[in-house]
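Undergrad: One predicted model, sequence on top.
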Amino acid sequence: MSKNLGLTPRSESYSEWYNDLIQKAELADYSPVRGCMVIRPNGYAIWENMQRHLDDMFKATGHVNAYFPLLIPKSFLSREAEHVEGFAKECAIVTHHRLMNDPDGKGVVVDPEAKLEEELVIRPTSETIIWHSYAKWIQSYRDLPILINQWANVMRWELRTRLFLRTAEFLWQEGHTAHATWEEAEAETMQMVRVYQKFAEEFMGVAVLVGKKSEGEKFAGADHTYCIEALTQDLRCVQAGTSHHLGQNFAKAFDVQFQSQEGKLEYVYATSWGVSTRLIGTLVMAHSDDKGLVVPPRLAATQVAIVPIGRDDAARAATYPVSEQLAEELRELGYRGLPVRVRVDKREKETPGFKFNDWEMKGACIRVEVGPRDLEAGQLIVARRDTGEKVTIPLAGAAQAILEQLEAMQTALLEKNRALREANTHRLDRWEDFVRHFEGEGGAGFVLAHWDGTSETESKISEATKATIRCIPFEPLHPDDELPGRCVFSGEPSARRVVFAKAY
RNA sequence: CGGGAUGUGGCUCAGCUUGGUAGAGCGCCUCGUUCGGGACGAGGAGGUCGGAGGUUCAAAUCCUCUCAUCCCGACCA
């Protein structure tokens, strides 16, 4: 236990703790290319669980999946002025299509003869290539709405990367919809940010703020952007998902018009919305601790780890079958409509103590100890990952009791995150207090303050404090947050408080 | 992209100042003893010292370039 096998404690260095955890919980590994990551099975399982549940929610709201290509003609990016400005600086570009042997005999080099006529951009997002298709598919109001989602990878040439939170290549889903009216697109934009909120709360156990982005923070090419914003244990904010109302910007750029019922030609209204593998980083930062990964049961790779104790044949003959039987019973009973993800840890070279620590590092929600002495007493020991609490339960009915523990953990994580947010949300009205609050390294929670609504003030505040406007919340955290006041920076009138925080 | 730091068996690091042909702990493999919170003993395997070039009789060590990671900054859905 005193050996240096653990993580850097969060109190010592939050960012080292995060990096250690990603490695030791085997969520991801570095790749030979800067900014890219290998997502390992333990991390990918979380992504698969996220995908499964999000996809169900998308389907339930009428969406279908499709796939659009990775490579985009360079010229497409420049069709929409704001869009190209937003992404031009971080694009990877394909310029050639062939390699050849180095004439100097040192491996391979790019064949200069194989230069592409038009260079191709690796998608940083797919609006442009998708709207190129939509232009072909949409002629009449009867072709609308189009409600398509795709699961894909995208690439943004980030200069400063962190595993999961900001990588050059990442996995995500991007929904792209086309509508006949502004109102219908607005309803879609709102519906999807609410889907993300529901997912964050009910599956990730993260109490997110939902609101609208300021002009300065909205998506490049959007009319406006809605978002969910999460608070991490180091009191920073993570933008966890966005939903954009694109107005007619892309329809105009790609000339997508439809004939209305009245026979008039009109431009289509668009939305796009996405969440990415950044959600995994958010999840880690929201719940995990100095012993390792903590994941809410609904997303955990392993929900229950059963550790049979005793390695001599006599002990094994008793604890192994009981363990297997319990595992089978859990799978059959299921949790939230799916077989329980349960593992019986029969590794024979490791001691029970090692296994306990190992499963805590890897993020198993519930650990069950099945020992010879327990069996004699007709009981089991069950330990919960988030609280560390160990209880003894009767062997009879154990599966049901374990399911209850899973549900209790799922609920407790959300409550804990909500309590973190409540304890770290402040309302500040004096500029000196505001500046002092954000002084120093590290996060400082959410600050609700008045803002005069101008981009000038917004950028001056962020220059002075490193804090940015995270969103203008849909629902006030307190009714008084929607009362008018005076901008914390300029003293000009303000209609309501907005949320400031230091962000990842 | 700018500043700083780092890169030596799977991991953590020593060796570099003062060049002389690579070490420790952990992990791994084998055997035995163990097994209720990171077991113990004995034996064993494993390294083009991130990569390329240069200086030298000789480079992990000195020089140049380059790649990657971390921290800070700038940038950023």
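TA: Cool, the structure landed.
Undergrad: quick one: secondary structure of the closest residue to A:L165 other than its chain neighbours?
TA: Closest residue in space to A:L165, ignoring its immediate chain neighbours: A:G281 at 3.9 Å, by Cβ to Cβ, 6 or more residues apart in numbering. For the C-beta atoms, the positions are set from N, CA and C on the backbone; glycine is no exception. Three-state call for A:G281 (DSSP: H, G, I helix; E, B strand; the rest coil): helix.
Undergrad: Next, the buried residues of stretch A:265-282.
TA: Using 16 or more other Cβ atoms under 10 Å as the test for burial, stretch A:265-282 gives A:266-282.
Undergrad: distance between the ends of that stretch?
TA: Start-to-end span of stretch A:265-282 (Cα to Cα, to the nearest Å) is 44 Å.
Undergrad: In strands only, show me the buried residues of stretch A:265-282.
TA: Judged by DSSP state E, strands contain the following of those: A:266-267, A:269-276.
Undergrad: average pLDDT for the host helix or strand of A:E376?
TA: Of the helices and strands defined by DSSP states H and E, A:E376 is found in helix A:372-377. Averaged across helix A:372-377, the pLDDT comes to 94.
Undergrad: residues near the spatially closest residue to A:R496 that is not a sequence neighbour, how many?
TA: Spatially, and ignoring its direct neighbours in sequence, A:R496 is nearest to A:E482 (4.7 Å; Cβ to Cβ, 6+ apart). Counted with other Cβ atoms under 10 Å, the neighbours of A:E482 add up to 12.
Undergrad: Next, the contact list for A:E482, please.
TA: Taking Cβ atoms under 8 Å, 6 or more residues apart in numbering, we find A:E482 in contact with A:476, A:496-497.
Undergrad: before we move on, what about A:N42?
TA: By Cβ under 8 Å, 6+ apart, the contact set of A:N42 is A:25-27, A:301, A:362-363.
Undergrad: Quick one: name whatever helix or strand follows the helix or strand of chain A with the lowest mean pLDDT.
TA: Within chain A, no helix or strand scores below strand A:108-110, which has a mean of 86 by mean pLDDT, DSSP states H and E. Counting by DSSP H and E, the next helix or strand C-terminal to strand A:108-110 is strand A:115-122.
Undergrad: elements contacting that next one?
TA: In terms of contacts (3 or more Cβ pairs under 8 Å, 6 or more residues apart in numbering; DSSP states H and E), strand A:115-122 is packed against strand A:71-73, helix A:74-77, strand A:93-96.
Undergrad: Tell me which residues of the helix or strand following that strand come out buried.
TA: Counting by DSSP H and E, the next helix or strand C-terminal to strand A:115-122 is helix A:127-137. Of all the residues in helix A:127-137, those buried under the rule 16+ other Cβ under 10 Å are A:127-135.
Undergrad: can you pull out the helices in chain A?
TA: Along chain A, counting by DSSP state H, helices occupy A:14-24, A:41-60, A:74-77, A:81-87, A:127-137, A:182-199, A:249-253, A:278-287, A:313-333, A:352-362, A:372-377, A:398-423, A:431-437, A:455-465.
Undergrad: Adding distance to A:L144, write those helices out as JSON lines.
TA: Putting the helices of chain A into JSON lines (distance: least, Cβ to Cβ, whole Å) gives the following:
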{"stretch": "helix A:14-24", "distance to A:L144": "43"}
{"stretch": "helix A:41-60", "distance to A:L144": "18"}
{"stretch": "helix A:74-77", "distance to A:L144": "22"}
{"stretch": "helix A:81-87", "distance to A:L144": "22"}
{"stretch": "helix A:127-137", "distance to A:L144": "10"}
{"stretch": "helix A:182-199", "distance to A:L144": "8"}
{"stretch": "helix A:249-253", "distance to A:L144": "11"}
{"stretch": "helix A:278-287", "distance to A:L144": "30"}
{"stretch": "helix A:313-333", "distance to A:L144": "44"}
{"stretch": "helix A:352-362", "distance to A:L144": "47"}
{"stretch": "helix A:372-377", "distance to A:L144": "62"}
{"stretch": "helix A:398-423", "distance to A:L144": "37"}
{"stretch": "helix A:431-437", "distance to A:L144": "46"}
{"stretch": "helix A:455-465", "distance to A:L144": "34"}
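Undergrad: In stretch A:303-321, which residues are buried?
TA: Neighbour-count burial for stretch A:303-321 flags A:303-310, A:315-316, A:318-320 (criterion: 16+ other Cβ under 10 Å).
Undergrad: End to end on that stretch, go ahead and measure it.
TA: Stretch A:303-321: ends 20 Å apart by Cα to Cα.
Undergrad: Residue numbers of the stretch 401-504 of chain A in contact with RNA strand B?
TA: The stretch 401-504 of chain A comes close to RNA strand B at residues A:441, A:466, as judged by Cβ under 7 Å from any atom of the strand.
Undergrad: which of the helices of chain A is buried the deepest?
TA: Comparing the helices of chain A by mean neighbour count (mean count of other Cβ atoms under 10 Å), helix A:278-287 comes out on top with a mean of 26.
Undergrad: That one - contacts with which helices or strands?
TA: helix A:14-24, helix A:41-60, strand A:224-231, strand A:237-247, helix A:398-423.
Undergrad: which ones are touching the closest residue to RNA strand B within the stretch 201-350 of chain A?
TA: Nearest residue of the stretch 201-350 of chain A to RNA strand B, counting by Cβ to the nearest atom of the strand: A:Q239, 2.1 Å away. Going by Cβ under 8 Å, 6+ apart, A:Q239 touches A:227-229, A:470, A:503-504.
Undergrad: Now pLDDT, neighbour count and distance to A:D374 too, for these, in JSON lines please.
TA: Listed next are the contacts of A:Q239 as JSON lines, based on pLDDT from 0 to 100; neighbours: other Cβ atoms under 10 Å; distance: Cβ to Cβ, whole Å:
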{"residue": "A:C227", "pLDDT": "97", "neighbour count": "25", "distance to A:D374": "49"}
{"residue": "A:I228", "pLDDT": "97", "neighbour count": "27", "distance to A:D374": "43"}
{"residue": "A:E229", "pLDDT": "97", "neighbour count": "26", "distance to A:D374": "45"}
{"residue": "A:R470", "pLDDT": "97", "neighbour count": "26", "distance to A:D374": "49"}
{"residue": "A:A503", "pLDDT": "94", "neighbour count": "17", "distance to A:D374": "48"}
{"residue": "A:Y504", "pLDDT": "93", "neighbour count": "18", "distance to A:D374": "44"}
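Undergrad: Quick check: A:D429 touching A:A449?
TA: Yes - counting by Cβ atoms under 8 Å, A:A449 is a contact partner of A:D429 at 7.0 Å.
Undergrad: Name the residues of the stretch 1-150 of chain A found near RNA strand B, please.
TA: By Cβ under 7 Å from any atom of the strand, the residues of the stretch 1-150 of chain A that approach RNA strand B are A:1, A:3-6, A:15-16, A:19, A:30, A:32-36, A:86-87, A:89-90, A:124-125.
Undergrad: What subset of those residues is buried?
TA: Using 16+ other Cβ under 10 Å, the buried ones in these are A:35, A:86-87, A:124-125.
Undergrad: any chance of those in CSV, with distance to A:D143 and pLDDT too?
TA: Conversion of those to CSV gives the following (distance: Cβ to Cβ, whole Å; pLDDT from 0 to 100):
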residue, distance to A:D143, pLDDT
A:G35, 39, 92
A:G86, 29, 89
A:F87, 28, 91
A:P124, 28, 95
A:T125, 23, 95
